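> Provided below are the primary sequence and the corresponding predicted coordinates.
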Amino acid sequence: MSRLLLNCDIGESFGNWTLGLDAEVMPFIDCANVACGFHAGDPSIMRKTVSLAFEHGVQVGAHPAYQDLQGFGRRSMAYTPQEIQDLLHYQIGALDGICRAQGGRVSYVKPHGAMYNDMMAKPAQLRAVIQAMAAYDASLPLMLMATRDNSAAQALGDEYGVTLWFEAFADRAYDSAGHLVSRQLPGAVHHDPEQIIQQALTIARGEHLMASDGSPLLLQANTLCVHGDNASSVAAVQRIREALTPA
């Protein structure tokens, strides 16, 4: 069974509004994808989240998004490739500054929501994201979705000298191409903790998932996304952590 890094979207509270159980899930993950203020988070939340991650020895990743606080970054927006790069540099730099003030650095980048989905669907946008990474710091890995065939994305990463971490999801359904089933469709999100744990273990063992059309799907992944927004999901993350940790 491969040693998958567990990553979690985190730091998505805003002001007096709290989202997620960050303190509860942090001890069980390897990588914290910290919101950078455009879809969620604010400077104080970012500082507190970075401090919590460093306290637990968790890598901090920038989780940049479209500038869409009201829509939680889940709405596609029209940006030029240069504007995409500007958005990324602004948000990565903000979180990196907060990390440096606490004696650390941003360790990787994982785009959020619609930006993430759009870059996987549009080769020109993926190129813009990878160019932004190369210009900011080519040593920072970029997290992106593992699909049935990772070769085109890998070729772009190789072209710009950017390391790619391919990500799979324990709690989402996949179509036959290895893309996530739309949240608008029934069955797109798994809620049963046992189903989530089983999917995580299937991916870690390098075994085939069943796609939404019933076909077998093999995902080659480096990291597994888990969620900790309620007590049952935190319990599932803990059980996944225990299952993936060698005795």
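Ah, there it is.

> Which strands and helices lie in contact with the helix or strand hosting Gly157?
Assigned by DSSP states H and E, Gly157 belongs to helix 151-160. Applying 3 or more CB pairs under 8 Å, 6 or more residues apart in numbering; DSSP states H and E, one finds that helix 151-160 makes contact with helix 123-137, strand 164-169. For the C-beta atoms, the positions are set from N, CA and C on the backbone; glycine is no exception.

> got the angle between the top helix by length along the chain and helix 123-137?
Longest helix in the chain by number of residues (criterion: DSSP state H): helix 81-101. Relative orientation of helix 81-101 versus helix 123-137 (axes from the mean of the first three to the mean of the last three CA atoms, to 10 degrees): 40 degrees.

> Off-centre distance for the helix or strand just after helix 81-101?
The helix or strand immediately downstream of helix 81-101 is strand 108-109, counting by DSSP H and E. Relative to the centre of its chain, strand 108-109 is centred 9 Å away, using CA atoms, centre = their mean, to the nearest Å.

> mean confidence score for strand 108-109?
For strand 108-109, mean pLDDT is 98.

> go on, stretch 24-34?
96.

> Now do it: distance to the chain's middle.
11 Å.

> And for stretch 131-149?
In terms of CA atoms, centre = their mean, the centre of stretch 131-149 is set 12 Å apart from its chain centre.

> can you start the count at 275 instead of 1 from here on
With 275 as the first residue, the last one maps to stretch 405-423.

> first to last residue in it, what's the distance?
This stretch, stretch 405-423, spans 21 Å end to end (CA to CA, to the nearest Å).

> Going by neighbour count, list what's buried in that stretch.
Of the residues in stretch 405-423, 405-408, 410, 414-422 count as buried by neighbour count, 16 or more other CB atoms under 10 Å.

> Make TSV from the residues you listed and add pLDDT and distance to Ser506 to it.
Below are the buried residues of stretch 405-423 laid out as TSV (pLDDT from 0 to 100; distance: CB to CB, whole Å):
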residue	pLDDT	distance to Ser506
Gln405	98	40
Ala406	98	36
Met407	98	35
Ala408	98	40
Tyr410	98	37
Leu414	97	33
Pro415	98	30
Leu416	98	31
Met417	98	25
Leu418	97	28
Met419	96	25
Ala420	96	25
Thr421	94	28
Arg422	94	30
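
> Put together JSON lines for these, with distance to Gln472 on each row.
Formatted as JSON lines, the buried residues of stretch 405-423 follow (distance: CB to CB, whole Å):
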{"residue": "Gln405", "distance to Gln472": "38"}
{"residue": "Ala406", "distance to Gln472": "36"}
{"residue": "Met407", "distance to Gln472": "34"}
{"residue": "Ala408", "distance to Gln472": "38"}
{"residue": "Tyr410", "distance to Gln472": "38"}
{"residue": "Leu414", "distance to Gln472": "32"}
{"residue": "Pro415", "distance to Gln472": "28"}
{"residue": "Leu416", "distance to Gln472": "28"}
{"residue": "Met417", "distance to Gln472": "23"}
{"residue": "Leu418", "distance to Gln472": "24"}
{"residue": "Met419", "distance to Gln472": "20"}
{"residue": "Ala420", "distance to Gln472": "18"}
{"residue": "Thr421", "distance to Gln472": "21"}
{"residue": "Arg422", "distance to Gln472": "20"}
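
> which helices and strands sit right next to the worst-scoring helix or strand of the chain on mean pLDDT?
Across the helices and strands of the chain, mean confidence by mean pLDDT, DSSP states H and E is lowest for helix 505-518: a mean of 88. Applying 3+ CB pairs under 8 Å, 6+ apart, we find helix 505-518 packed against strand 279-284, helix 296-299, helix 467-478, strand 497-500.
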